[in-house]
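Asker: Starting from these lines, generate the structure:
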Amino acid sequence: MQNNENKAALVSGANTGVGFQIAKALVENGYTVYVGSRDLQKGKTAAELLGKSAVPIQLDITDNGSVRTAVKTIEDETGYLTLLVNNAAVSHAGAPGRTMEEVLDSQRAGIVPVDVMKTVWETNVFGTLALTQACLPLLHKAAGARIVTVSSALGSLTINANPDNPYRSNFDAAYGASKTALNGIFLSLAIDLENTGIKVHLVSPGFTATALNNFQGTDSVEEGSREPVRVALAEDLPNGSFTGPAPFSGENNVLPW
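Answerer: Below you'll find the predicted structure:
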C-alpha cells in the first residue's frame with residue numbers, strides 16, 4: 001500500500017485560487033503534486049511557492065495535445081497517479097471586467113448566446129471529462145486512487161428548484177448548468193468505476209472569492225478551500241459523494257443533486 005511519500009496527484013488550474021490551496025495541502029501531506037496550469041510560467045511560479053515536491057506542468061484541458069503531453073509526462077516520471085483533482089473551470093466567455101451580476105444576467109437561458117454556452121461547457125464539462133479519461137490508465141495503476149472534481153452547489157437541481165432559495169436566480173445556462181451537467185457525468189463515472197477501486201467525488205467550495213466571480217464571493221479562498229481540501233485528502237468517503245459547506249449541505253456536508 002502506498003504511503004503519502006510516494007503518492008502522486010495532478011491538480012488542474014493549480015496555479016491560483018482553490019486549486020493552489022488544494023495543491024498546497026497535498027504537498028504538505030507528502031504528495032508529489034503536478035501543478036497544472038495553462039500558462040507554464042504561472043505554474044512554475046506557483047510550484048516555487050509550494051515546495052520541491054510540486055512539479056509545474058503545462059495543461060490546457062481544452063487542448064487534446066496538451067492533455068496527452070501532460071499525461072505522458074506523468075506516466076514517464078511516476079508511472080501512476082493516485083489522485084486527480086479537476087479544478088480548472090471558467091465562468092463565462094464574454095468581455096472581461098464585468099461584475100458577477102452582469103455576467104450571470106447575460107447568461108440567462110432565454111438570451112445567452114449558444115456559442116458562449118459551448119465555450120464555457122468546453123472547459124467545465126467536456127475538457128474536464130477528457131482529462132479524466134486520459135488519466136484513467138494511470139489511476140488504475142495506483143492503490144486506492146481517487147478523482148475529486150470541483151463542482152458547485154449552484155449546479156444542484158434540487159436546490160435551484162426550491163423557490164425559497166434566495167440564490168436561484170443565479171442559476172444560469174452557461175456556468176450553473178455546466179456544473180449540473182458535470183455532476184451528472186461524474187455521477188455516471190462513479191457508477192462506471194464502482195467495481196474498480198477508483199473513487200469519484202464531487203465537491204463545492206461554496207461562494208468563494210476567486211477570479212471565477214470577479215472576486216465577489218463572500219468567503220476567502222482559504223475558507224472556500226476547506227471542503228475541497230478535506231475531500232482531496234480523505235480516503236474514506238463513499239464513492240459518488242457530492243459535498244459542500246453550509247447553508248445548503250446536510251449531515252456530513254452532503255449536498256442534494
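
Asker: Any idea which helix or strand in this protein has the lowest mean pLDDT?
Answerer: Least confident helix or strand, the chain: helix 221-224 with a mean of 78, by mean pLDDT, DSSP states H and E.

Asker: which residue ranges form the strands in the protein?
Answerer: 8-11, 32-37, 54-58, 83-86, 146-150, 199-203, 241-243 (DSSP state E).

Asker: got those strands as CSV, with distance to residue 163, mean neighbour count and mean pLDDT columns?
Answerer: C-beta here means a position set from N, CA and C on the backbone, and glycine is covered the same way. Formatted as CSV, those follow (distance: least, Cβ to Cβ, whole Å; neighbours: other Cβ atoms under 10 Å; pLDDT from 0 to 100):
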stretch, distance to residue 163, mean neighbour count, mean pLDDT
strand 8-11, 37, 28, 98
strand 32-37, 39, 28, 98
strand 54-58, 45, 22, 98
strand 83-86, 31, 27, 98
strand 146-150, 28, 26, 98
strand 199-203, 25, 25, 98
strand 241-243, 22, 22, 98
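
Asker: Let's have those in JSON lines, adding distance to residue 105.
Answerer: Shown next, in JSON lines, are the strands of the chain (distance: least, Cβ to Cβ, whole Å):
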{"stretch": "strand 8-11", "distance to residue 105": "32"}
{"stretch": "strand 32-37", "distance to residue 105": "30"}
{"stretch": "strand 54-58", "distance to residue 105": "35"}
{"stretch": "strand 83-86", "distance to residue 105": "28"}
{"stretch": "strand 146-150", "distance to residue 105": "24"}
{"stretch": "strand 199-203", "distance to residue 105": "27"}
{"stretch": "strand 241-243", "distance to residue 105": "27"}
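
Asker: Select, out of the ones you listed, the one closest to residue 172.
Answerer: Closest approach to residue 172 among those is made by strand 146-150 (18.0 Å; Cβ to Cβ).

Asker: Can you give the contact residues for the closest one?
Answerer: 18-19, 82-87, 89, 128, 132, 135, 139, 182, 186, 189, 198-205, 228, 231-232, 235 (Cβ atoms under 8 Å, 6 or more residues apart in numbering).

Asker: Same question for stretch 102-116.
Answerer: Here stretch 102-116 has contacts from 91-94, 98, 117, 169-170, 172-175, 177, 214, using Cβ under 8 Å, 6+ apart.

Asker: so where's this structure uncertain?
Answerer: By pLDDT under 70, the low-scoring segments of the chain are 1-5, 207-219.

Asker: let's see it at 90
Answerer: Applying pLDDT under 90 to the chain picks out residues 1-5, 92-104, 167, 206-224, 246-248.

Asker: Could I get the full set of helices for it?
Answerer: 17-28, 40-50, 64-77, 100-106, 114-121, 128-140, 157-160, 175-193, 221-224, 226-233 (DSSP state H).

Asker: okay if I get those helices as TSV plus distance to residue 241?
Answerer: Below are the helices of the chain laid out as TSV (distance: least, Cβ to Cβ, whole Å):
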stretch	distance to residue 241
helix 17-28	16
helix 40-50	26
helix 64-77	25
helix 100-106	27
helix 114-121	23
helix 128-140	16
helix 157-160	15
helix 175-193	8
helix 221-224	18
helix 226-233	8
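
Asker: out of the ones you listed, nearest to residue 244?
Answerer: helix 226-233 (5.8 Å).

Asker: picking up where we left off before, highest mean neighbour count out of the helices of the chain?
Answerer: Ranked by mean neighbour count, the helices of the chain are led by helix 17-28 with a mean of 24 (mean count of other Cβ atoms under 10 Å).

Asker: Cheers, nothing more for now.
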